[in-house]
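Enquirer: Here is my input; please provide its structure:
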Amino acid sequence: METVTVEKVTLGEGLPKVIVPLVGKTREEILQEAEIAVASNCDIIEWRIDHFAEITDFAKAAEFVKEVKAAVKMPLLVTFRTAKEGGVCPMDDAQYFEMYNAFLEQGNFDLLDVELFMPEAEVAELVKAAHDKDVKIVMCNHDFDKTPPKEEIITRLRTMQDKGADICKIAVMPQTTHDVIVLLDATQEMYNNYAKQPLITMSMGKLGVVSRVSGATFGSAATFGAAKKASAPGQVSVGELRTILETL
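Expert: Presented below is the predicted three-dimensional model:
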């Protein structure tokens with residue numbers, strides 16, 4: 001499996017890396033959260049741009065990402081989570097790609113989140129445009145209702161690789177403890193038998209917390225922690241994550 005290095009952070013080796021989301025609505029809130037996130041000793045910062053009140057002005061938002069990057073001085077992941085996968089700002093597919101292309105043209109960041117089930121041709125063009133700018137692609141899929149069968153989880157992760165992902169991510173919702181085991185089993189099977197790129201996998205909610213701290217055992221290269229406000233159910237604070245990861 002290849003590793004992915006962004007600045008001084010390498011995913012796919014050593015302890016799972018800790019990613020902290022910024023979910024502020026205003027510029028002031030985002031920059032305040034950025035300061036807290038940097039102080040938390042995380043490895044990567046994710047700006048969830050679907051929370052940003054000015055996101056529909058693509059040019060201004062793309063310019064602001066330069067300010068966010070300057071504030072964090074560490075690897076920055078830009079993510080627009082669509083409403084169908086748990087995001088907070090409705091946007092049609094054409095706008096989604098227009099927005100991301102504006103960010104690639106005008107912004108300054110290191111990684112870009114792209115959802116697996118967006119239109120295939122447009123995703124291929126976006127992946128190429130990102131790679132031309134030396135921006136890494138985190139391709140992802142989220143299921144907030146259930147945990148798909150193990151074979152389906154592996155199929156989705158392998159499809160992400162086929163579509164040019166640098167990092168493959170899936171997050172699913174467990175209804176039972178068995179669902180958590182399904183996610184972990186899918187992760188280790190993907191990691192051991194098929195993975196060419198680093199994986200990020202998690203089972204969400206209270207039941208799935210164990211999956212967020214067991215990446216070194218099962219093959220997930222990163223986990224998401226909260227420095228201030230969690231962006232998904234089951235996120236643990238960065239300090240607690242560090243202690244647990246190092247202990248394990």
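
Enquirer: Contacts for the lowest-mean-pLDDT helix or strand in the chain, please.
Expert: In the chain, the helix or strand scored least confidently by mean pLDDT, DSSP states H and E is strand 236-237, which has a mean of 84. Outside of strand 236-237, the residues within contact range by C-beta atoms under 8 Å, 6 or more residues apart in numbering are V209, R212, V213, G225, A226, A227, I244. Bear in mind the C-beta positions are built from the backbone N, C-alpha and C, glycine included.

Enquirer: With respect to F58, which of the residues you listed is nearest?
Expert: A227 (27.0 Å; C-beta to C-beta).

Enquirer: Which residue comes closest to Q235 once chain neighbours are left out?
Expert: The shortest distance from Q235 to any non-neighbouring residue, by C-beta to C-beta, 6 or more residues apart in numbering, is to A226 (4.5 Å).

Enquirer: In terms of secondary structure, what does whichever strand or helix holds K128 contact?
Expert: Remark: K128 resides in helix 120-132, with elements defined by DSSP states H and E. Helix 120-132 sits against helix 93-106, strand 111-115, strand 136-143, with contacts defined as 3 or more C-beta pairs under 8 Å, 6 or more residues apart in numbering; DSSP states H and E.

Enquirer: Can you point out the buried residues in that helix?
Expert: For helix 120-132, burial by neighbour count (16 or more other C-beta atoms under 10 Å) applies to E122, V123, L126, V127, A129, A130.

Enquirer: For C168, grab the count of nearby residues.
Expert: Around C168 there are 28 other residues, counting by other C-beta atoms under 10 Å.

Enquirer: Just confirm it contacts P198, I think it does.
Expert: Yes - counting by C-beta atoms under 8 Å, C168 does reach P198; the two are 7.4 Å apart.

Enquirer: Let me see the confidence value for A121.
Expert: Turning to A121, the model gives it a pLDDT of 98.
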